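Participant: would you be able to build a 3D model of this:
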Amino acid sequence: MSESEQWQAKWHGLQDILGPKWTLHILRLLSEESYGFNAIQNELHGLTAPMLSKRLKELRCHGLVERSVAETSPPTTTYSLSDRGEQIATHLRKLESLVELHNQTADDHQTDDCSDTAAECRTEALSDGCVTVVDQC
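Facilitator: You can find the predicted model right below:
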């Protein structure tokens, strides 16, 4: 396998693991502390129970999240990051400093060179804004 094919395969793997919706949110939340299922769902507004269950299973399968069950009545289930999950979350949290959130309204009229780019930005996560790279438009 060529060097180009190797890094492309790795980046495809990264996308497969980190790309599904809510995955990054769950990793970010668990990087703060361990949470129970309901607490995760309460913290991540809009995340349904079936989707959370699916993502947690995927993250456990990839070795990024661990599940522990305490023998209480009723049993208490807690999710936390594995060592590998902690490493990935640490790198992802460093990326936070590379993006800025910009509020935009329909009345905003930008006249700089980035107006076209700003108009095309993804707004899936932000109904009234745009995410851009720091020191860029």
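Participant: ok, and what's touching the host helix or strand of Arg28?
Facilitator: When elements are assigned from DSSP states H and E, Arg28 belongs to helix 23-30. Residues from elsewhere that reach helix 23-30 (Cβ atoms under 8 Å, 6 or more residues apart in numbering): 17-18, 35, 40, 43-44, 47, 52, 55-56, 58-59, 64-65, 79-81, 85, 88-89, 92-93. From N, CA and C alone the C-beta is placed, and that goes for glycine too.
Participant: show me just the buried residues among these.
Facilitator: Buried members of the contacts of helix 23-30, counted by 16 or more other Cβ atoms under 10 Å: 17, 35, 40, 44, 47, 52, 55-56, 58-59, 64-65, 79, 81, 85, 88-89.
Participant: out of the contacts of helix 23-30, which sit inside helices?
Facilitator: Per DSSP state H, helices hold the following members of the contacts of helix 23-30: 17-18, 40, 43, 52, 55-56, 58-59, 85, 88-89, 92-93.
Participant: give me the distance between the residue most central in space within the chain and Leu44.
Facilitator: Nearest to the geometric centre of the chain sits Leu24, at 1.5 Å (Cα atoms, centre = their mean). Between Leu24 and Leu44 the computed distance is 11 Å (Cβ to Cβ, to the nearest Å).
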